[in-house]
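Novice: build me a structure from this.
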Amino acid sequence: MEQAQHLERKLVAILAADVVGYSRLMGLDETGTLSRLKALRRELIEPSIEGYHGRIVKLMGDGALVAFESVVDAVACAVEIQRVTAQQNLGLPEDIQLVFRIGINLGDVIIDKDDFYGDGVNIAARLEGLSDPGGIIISGTAYDQAHNKLGLTFKSLGERRLKNIPERVRAYRVLLEQTAGANKSRSRRWPVIGATVLVLTLIAGIAVMLWPQAIALLPGHGSPPVGSSLGKPSIAVLPFTDLSEKAGQDYFAEGLADDLITDLSKISGLLVIARNSAFSFNDRSLDIGKIAEQLNVRYVVEGSVRREGDAVRINVQLIDAKTGSNIWAERYDRDYSKIFALQDEVIGRIVEALSVRLTEGEKDQINRLPTRNLEAYDFYTRAEQKAYAVDFTSLGEALSLYKKAIKLDPVFADAYSGYARATVDVLGFDFQTVMLSAVARQRAYEAAGRALELNPQSSRAYAVLGILQMLDGEIDQALASVKKAVGLDPNGAQAELNLAIVLTYAGQNPEALAAMGRVLQLDPKPRAQVFDYYGFVLYMNHQYEKALQALSEVPSEERSDIGLETLAMANARLGRMAEAHDAAAAILNKVPEQNLAAYRVVYAHHRREEDLDHRLDALRAAGIPERSFDFRGRAQDRLDASAIRALTGDRTWVGRQHNGATFVMELSADGDFALSSQSSIISGAVSVDGNLFCTQSTATLLGRKFCAPVYRNPQGSSETQDEYVWPDSVSVWYFSSR
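Specialist: Numbering: from 1, shown residues only. Predicted coordinates for the structure are as follows:
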């Protein structure tokens with residue numbers, strides 16, 4: 001009777017995993033295999049499980065059972081585990097690689113204290129046995145809950161007979177290779193259009209591009225140092241030189257200079273040059289006077305760092321570039337545990353030397369202790385260095401390091417805001433192999449929100465939040481967020497850039513141009529994409545010649561999608577049709593399926609219809625087609641709403657795409673669809689809106705609805721399965737319905 005009281009039943013998502021060939025691996029190298037497995041669990045797998053709110057129920061040597069309240073979390077966690085494991089295996093000999101099989105089931109389980117029993121668990125374990133090495137198999141109950149929420153692709157394996165399970169179980173394979181290979185062939189998948197991707201990527205602090213002629217674009221070129229007209233001292237903090245004997249300490253020297261920039265930027269009485277531009281002088285081939293001239297500043301901070309264990313020696317000097325003299329120089333020998341006090345002391349000396357007065361709010365922000373856990377701060381500093389690289393590997397490593405910092409200090413606000421920024425970069429660059437887009441969007445919101453709970457004065461968190469709100473069409477909230485970001489970081493080029501982005505989509509084009517001017521003042525040596533966006537903002541202000549001048553600063557091989565679009569639009573507005581057509585051809589060469597109907601959806605967060613039309617009309621004139629692959633249906637062949645509805649419901653569309661590849665699209669009476677082609681499987685919702693057939697999936701077009709007409713194909717037949725034609729955002733589909 002007492003035993004029965006401990007038992008309860010619950011509907012739970014169960015993840016079962018084990019290592020492929022574990023006995024063989026242990027036979028070859030028992031100590032090494034066990035050590036690698038423990039490290040993989042500790043450093044990557046357990047943080048992933050914790051991040052998706054999972055609970056490890058049981059570890060069984062080479063396997064594990066994990067419980068989740070949400071199927072979506074379970075599947076997303078499984079995908080992350082397989083991907084981070086694959087990354088860890090890169091470069092390792094095949095005979096020592098750790099590879100997992102994973103099975104997931106949503107089912108009723110019996111809970112006895114801390115253990116789970118029953119068919120709900122057994123099915124997950126049996127599905128794991130069906131999985132390929134490195135793969136994931138989920139049950140039909142799990143698929144029903146998760147298939148349209150993560151933007152994943154699935155393949156039905158039909159109903160399977162599982163050992164000791166009386167009823168057959170529907171099984172689905174998660175097609176990880178389809179998602180991982182998506183970037184290799186954009187024309188064969190359902191993409192987030194690249195130009196919208198750029199809007200997101202512009203909030204990242206990424207690799208610096210150098211163009212000496214860029215200074216000519218700045219307001220007041222050749223004038224006294226920036227800030228002088230406002231009575232503000234202008235200053236740049238150069239990257240500190242790492243003098244440590246032990247290799248791999250450069251992140252600490254870089255992080256120290258970066259922290260000084262961050263804190264000095266909060267002081268409204270200074271004008272501080274952005275990290276991107278200041279760090280472009282990592283290789284000191286120029287003297288201080290020339291550097292100050294290129295950055296257009298009066299004062300320069302430089303220094304060196306030597307770290308040996310817990311002992312830190314820092315040399316810092318503040319230089320008046322006009323005279324070449326040191327205003328002050330100091331050597332600090334401190335214990336690493338006193339690093340925050342040291343930073344405060346250096347900032348205090350700079351402020352004192354430049355006779356700058358701090359407001360009470362600025363004092364509070366600068367004096368705020370970021371964390372009391374120095375190990376967490378070390379992980380955070382490493383993450384910051386990785387995040388600025390913005391490539392697949394570096395971003396994945398940055399996210400892992402941020403999570404380690406957060407695990408060590410769950411109230412480390414800066415780590416949450418850094419994680420939010422890096423996650424938006426993952427979303428913006430469409431790095432599906434790092435994190436699924438739907439998951440990245442949710443996590444960016446969550447991390448930015450948590451950062452603001454812990455530190456309501458976090459500029460970076462507000463900046464990330466503003467971009468996310470803008471994409472959700474919440475323009476007023478987005479404006480409030482980015483303006484708050486700028487107010488909290490008056491020298492933040494990143495915050496100003498986000499403000500310019502949101503102002504553009506809010507229809508406040510002159511204000512956006514003014515914000516871009518401040519970006520270039522604070523960041524005089526920006527990356528290529530900043531000039532592309534500067535050109536776009538000039539275009540939206542009808543300054544077409546200046547837009548082309550800005551774009552000329554970008555090497556053609558580095559031009560982004562937004563840069564190509566602006567090149568096409570500005571030339572079309574100026575009547576230079578040959579150049580406009582060349583730019584449009586470059587767009588179509590990069591993304592052959594590109595079309596105006598898709599642009600209209602992904603740029604739908606323009607508040608003013610006339611701004612969207614200002615872009616699309618010029619792209620049309622440049623030669624971008626209305627529909628994918630310039631499909632043009634005849635009016636007499638177009639189906640009305642009733643005819644389209646007759647083709648939907650519990651129906652199956654079978655046919656071929658524009659490129660001849662076959663496809664099958666299942667449509668349910670409940671309004672769901674699953675489309676399977678040679679390159680992918682996409683699921684979502686369908687509807688009929690007026691005389692248009694509409695689809696919506698988290699995997700495409702930022703999750704927005706796309707509607708298109710359906711036509712009869714005069715040359716088609718049921719035998720050739722091409723009676724109808726449907727031109728959607730990425731292809732033209734010829735099909736018959738049955």
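Novice: so the closest residue to residue 450 other than its chain neighbours, which state does it fall into?
Specialist: In this structure, residue 450 finds its nearest non-sequential neighbour in residue 416, 4.7 Å apart by Cβ to Cβ, 6 or more residues apart in numbering. Glycine gets a C-beta too; all of them are placed from N, C-alpha and C. Three-state assignment for residue 416 (DSSP: H, G, I helix; E, B strand; the rest coil): helix.
Novice: can you get me a residue count around residue 64?
Specialist: The burial count assigned to residue 64 is 22, neighbours taken as other Cβ atoms under 10 Å.
Novice: show the contacting residues for it.
Specialist: In this structure, residue 64 makes contact with 15-18, 56, 58, judged by Cβ atoms under 8 Å, 6 or more residues apart in numbering.
Novice: give the buried residues for the strand or helix carrying it.
Specialist: Following DSSP states H and E, one finds residue 64 within strand 63-68. Neighbour-count burial for strand 63-68 flags 63-68 (criterion: 16 or more other Cβ atoms under 10 Å).
Novice: now stretch 701-721
Specialist: For stretch 701-721, using 16+ other Cβ under 10 Å, the buried residues are 701-713, 716, 721.
Novice: which members of these are positioned in strands?
Specialist: Among these, DSSP state E puts 706-708, 711-712 in strands.
Novice: would you turn those into a markdown table with pLDDT and distance to residue 123?
Specialist: Below are those laid out as a markdown table (pLDDT from 0 to 100; distance: Cβ to Cβ, whole Å):
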| residue | pLDDT | distance to residue 123 |
| --- | --- | --- |
| 706 | 94 | 36 |
| 707 | 96 | 39 |
| 708 | 96 | 40 |
| 711 | 98 | 45 |
| 712 | 97 | 46 |
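Novice: how about those residues, which pair is most distant?
Specialist: With Cβ to Cβ as the measure, no two of these lie farther apart than 706 and 712, at 21.0 Å.
Novice: residue 537 contacts residue 509, correct?
Specialist: Yes: using Cβ atoms under 8 Å, residue 537 and residue 509 qualify as a contacting pair, with a distance of 7.2 Å.
Novice: higher neighbour count, these two?
Specialist: Between residue 537 and residue 509, counted using other Cβ under 10 Å, the more crowded position is residue 537 (26 against 20).
Novice: could you break this protein into its assigned domains?
Specialist: 2-180, 632-737 (automatic domain parsing).
Novice: chain center to the last one, what's the gap?
Specialist: Centroid separation for domain 632-737 versus its chain: 30 Å, with Cα atoms, centre = their mean, to the nearest Å.
Novice: for the stretch 101-250 of the chain, which segments are assigned as helices?
Specialist: In the stretch 101-250 of the chain, the helices defined using DSSP state H, counting those that start in this stretch lie at 119-130, 140-146, 176-180, 194-201, 250-265.
Novice: name the residues that touch the longest one?
Specialist: So that's helix 250-265. 235, 237-242, 244, 270, 272, 274-275, 278-279, 301, 303-305, 307, 314, 339, 343, 346-347, 350, 365-366, 378, 381-382, 384-385, 489-492.
Novice: and it, which residues are buried?
Specialist: Neighbour count says helix 250-265 has 250-265 buried, by 16+ other Cβ under 10 Å.
Novice: tell me the phi and psi of residue 55?
Specialist: Main-chain torsions, residue 55, degrees, to the nearest 10: phi -130, psi 120.
Novice: look up the closest residue to it, ignoring the ones flanking it.
Specialist: In space, residue 55 is closest to residue 67, 5.0 Å off (Cβ to Cβ, 6+ apart).
Novice: now residue 70
Specialist: Nearest non-adjacent residue to residue 70, counting by Cβ to Cβ, 6+ apart: residue 13, 6.5 Å away.
Novice: what's the following helix or strand after the strand or helix carrying that neighbour?
Specialist: In this assignment (DSSP H and E), residue 13 forms part of strand 7-19. With elements assigned by DSSP H and E, the helix or strand that comes after strand 7-19 is helix 22-28.
Novice: my read: residue 154 touches residue 170, true?
Specialist: No: Residue 154 is beyond contact range of residue 170, at 11.1 Å (criterion: Cβ under 8 Å).
Novice: name the residues contacting each of these two.
Specialist: Common neighbours of residue 154 and residue 170, using Cβ under 8 Å, 6+ apart, are residue 143.
Novice: of those two, who's got more company?
Specialist: Taking neighbours as other Cβ under 10 Å, residue 154 and residue 170 compare with residue 154 leading, 22 against 16.
Novice: surely residue 367 touches residue 344?
Specialist: Yes: Residue 367 lies in contact with residue 344 (Cβ under 8 Å); the separation is 6.4 Å.
Novice: pull stretch 540-550 out as CSV, backbone CA atoms only.
Specialist: Only the C-alpha atoms of stretch 540-550 are listed here, as CSV (Å, rounded to 0.1, in the frame of the first residue of the first chain):
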residue,chain,number,x,y,z
MET,A,540,15.1,55.4,-48.8
ASN,A,541,15.8,59.2,-48.5
HIS,A,542,15.7,59.5,-52.3
GLN,A,543,19.4,60.4,-52.4
TYR,A,544,20.3,57.9,-55.1
GLU,A,545,23.7,59.3,-56.2
LYS,A,546,24.9,59.3,-52.6
ALA,A,547,23.6,55.8,-52.2
LEU,A,548,25.8,54.6,-55.1
GLN,A,549,28.8,56.5,-53.6
ALA,A,550,28.4,54.7,-50.3
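Novice: could I get the buried residue list for it?
Specialist: In terms of neighbour count (16+ other Cβ under 10 Å), stretch 540-550 has its buried residues at 540-541, 543-544, 546-550.
Novice: so what touches it?
Specialist: Under the criterion Cβ under 8 Å, 6+ apart, residues 217, 504, 509-510, 512-513, 531-532, 534-536, 538-539, 566-567, 570-571, 573-574, 611, 614 lie in contact with stretch 540-550.
Novice: again, only using 7 Å
Specialist: Outside stretch 540-550, the residues that touch it by Cβ atoms under 7 Å, 6 or more residues apart in numbering are 217, 504, 509-510, 513, 531, 534-535, 538-539, 566, 570, 573-574, 611, 614.
Novice: so what's residue 535 up against?
Specialist: By Cβ under 7 Å, 6+ apart, the contact set of residue 535 is 547, 550-551, 563, 566.
Novice: list the buried residues of the helix or strand containing it.
Specialist: Residue 535 is part of helix 528-540 when elements are defined by DSSP H and E. Judged by neighbour count using 16+ other Cβ under 10 Å, the buried positions of helix 528-540 are 528-540.
Novice: going by distance to residue 104, which of those wins?
Specialist: The nearest member of the buried residues of helix 528-540 to residue 104, counting by Cβ to Cβ, is residue 529 at 38.9 Å.
Novice: my guess is that closest one contacts residue 560. True?
Specialist: Yes: using Cβ atoms under 7 Å, residue 529 is in contact with residue 560, at 5.1 Å.
Novice: which residue ranges of the stretch 451-600 of the chain form helices?
Specialist: 459-471, 475-488, 493-505, 509-522, 528-540, 544-551, 561-573, 577-590, 596-602.
Novice: mind listing what's buried in the last one?
Specialist: Right, helix 596-602. 596-602.
Novice: cheers, nothing more for now.
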